[in-house]
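>>> I would like to see how this sequence folds:
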Amino acid sequence: MFSGIITHTGEVTDASRSSISIRARRDVLEKLARGASIAVDGACLTVVKKDAKSFVADIMEETMRRTTLSKLRRGAKVNLELPMTAATFLSGHIVQGHVDGVAKVKEIRKKDASFIISLEAPAEISRYLVNKGSVAINGVSLTIIEVRGQTFSVGIIPHTWKATTFGTLKAGDLVNIETDILAKYVAKLIRTKKS
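A predicted model of the protein is given here:
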C-alpha cells in the first residue's frame, strides 16, 4: 500500500522481460530487504536482490503488459516510493501499486510556476476518472482538474515537477495510471446491484 507521495527517484541499470535493476539512494536501499515491496513508476514490485548501490525486482508478464515498465531502458529515471506503514501520515491518497493501464500525454503547458498535463486514457480506465477525483500517474498522487470523455488534465506544482520524473515528460509519452480504488469498488457494486 502506497500514498503516491514520491520521495525518491532511481535510475534503471538493467532491464529484461522479467526483471529490472535500479540504482537508488542509500537511504532507500537501507529500508529494503529481500521480499520487500517498492513502487517503481507506480507499479508495486518485489525486491529479490540488492547490493550497496541498487536493487533488482522481478516483473510478471501481466505487469509488463499493463505498464510502461517493458519500455524502460538503461539510464531511464523512475519514481520510487517505499510502502506505507501503520504509522505513515497519509498525505496523498490510497494507492495500491496495481496499475490499471497506460495513458498518453497529449499536451504539457506551463501555467505560472506550475504545469498542466492533458492525457488520454483508454475507455475502460477513463470511466473511473472524475473532476476533482484522485489518480496516480507514474505513482504520483494527483487531483484531476477536468475530465472530458477519455481526456483528463492534472496540475503539477513546482516541487512535484522537480522531485519526480515529470520534468522529463513530453507529448506522446506513455505513463502508468492507477485510478482510485474506491471508484472501482463503487462501480462494481452498482453493476452487481443492477444484475
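
>>> Mark out where each domain of this protein begins and ends.
Domain segmentation of the chain under automatic domain parsing yields 8-81, 101-194.

>>> and the gap between residue 184 and residue 144?
Distance of residue 184 to residue 144, given as Cβ to Cβ, to the nearest Å: 15 Å. For glycine as for every other residue, the C-beta is placed from the backbone atoms N, C-alpha and C.

>>> Between these two, tell me which one has more neighbours.
Under the criterion of other Cβ atoms under 10 Å, the comparison of residue 184 against residue 144 puts residue 144 first, with 20 against 16.

>>> Please, where are all the strands along the protein?
Under the criterion DSSP state E, strands of the chain are mapped to 8-15, 19-23, 37-40, 43-50, 54-58, 77-81, 101-111, 114-120, 134-137, 140-148, 151-156, 174-179.

>>> okay, the angle between the fourth one and strand 174-179?
Strand 43-50 and strand 174-179 are oriented at 110 degrees to each other (axes from the mean of the first three to the mean of the last three Cα atoms, to 10 degrees).

>>> Buried residues, strand 43-50. List them.
Within strand 43-50, the residues that qualify as buried are 43-45, 47, 50, counting by 16 or more other Cβ atoms under 10 Å.

>>> for the residues you listed, which one is nearest residue 18?
residue 45 (11.6 Å; Cβ to Cβ).

>>> Which residue comes closest to the closest one once chain neighbours are left out?
Distances taken as Cβ to Cβ, 6 or more residues apart in numbering place residue 57 nearest to residue 45, at 3.7 Å, with adjacent residues excluded.

>>> so where is this structure shaky, pLDDT-wise?
Where the chain drops to pLDDT under 70, the residues are 195.

>>> mind listing what the nearest residue to residue 169 once chain neighbours are set aside touches?
Distances taken as Cβ to Cβ, 6+ apart place residue 105 nearest to residue 169, at 5.7 Å, with adjacent residues excluded. Taking Cβ atoms under 8 Å, 6 or more residues apart in numbering, we find residue 105 in contact with 117-119, 169-175.

>>> what's the answer for residue 6, then?
Shown in contact with residue 6 (Cβ under 8 Å, 6+ apart): 79-81, 139-140, 160, 163-164.

>>> Much appreciated, bye for now.
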